[in-house]
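*Asks:* this one's sequence-less:
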């Protein structure tokens, strides 16, 4: 995390989030229905990537920001979240969302992003700089989770979607 960009203030944060959000949506909205539902080499379609982002925005708000139990926020059995293992959590979230329709996934993502934006607007930047976990020896600020589940996550999955589309073009 030493090379991670950290915004200087809330305007910087919101600007970075909005920039990556717009790029992600622009990429998603250009896709045909076939492209949106065609899995990449890893088995995820662009729609699956977008549903995944919605889940993690909701986890950011419910678990990291509101400090509710992770399993309650995710609506999964407690054992799914006990070790915070992405190899367990992400497949459970994938299975829950894989059969959802494109419009439903996009609407859910937009709604989650709107809720998060409103939540962040109501917080001070100082609150985002407070340690996420009281017992964290590194005293990592909540801001790191916000970045990780928004602008950084949007970039990561937009690149994954773009790579998958290119792979699938070469295969057809």
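*Replies:* Here it is on my side, so go on. Note that the coordinates shown come from a computational prediction; the quantities given were computed from them, not determined experimentally.

*Asks:* Can you pull the phi and psi angles for the residue positioned nearest the centre of the chain?
*Replies:* Centroid check for the chain by C-alpha atoms, centre = their mean gives residue 53 as the closest residue, at 3.2 Å. Torsion angles at residue 53 (phi, psi; degrees, to the nearest 10) stand at phi -60, psi -40.

*Asks:* which ones are touching the residue nearest to residue 139 when sequence neighbours are not counted?
*Replies:* Distances taken as C-beta to C-beta, 6 or more residues apart in numbering place residue 131 nearest to residue 139, at 4.4 Å, with adjacent residues excluded. For every residue, glycine as well, the C-beta is placed using N, CA and C. Residue 131 sits next to 139-142 when contact means C-beta atoms under 8 Å, 6 or more residues apart in numbering.

*Asks:* picking up where we left off before, right, and the residue nearest to the centre of the chain touches residue 109 too?
*Replies:* Yes. Between residue 53 and residue 109 there is a contact under C-beta atoms under 8 Å: 6.1 Å.

*Asks:* Might one say that residue 73 is in contact with residue 65?
*Replies:* No. With contact taken as C-beta under 8 Å, residue 73 and residue 65 are classed as non-touching, separated by 10.1 Å.

*Asks:* And the helices in this protein, which stretches?
*Replies:* Ranges of helices in the chain, per DSSP state H, are 10-30, 33-37, 46-59, 70-74, 78-81, 86-97, 102-121, 125-129, 142-149, 151-171.
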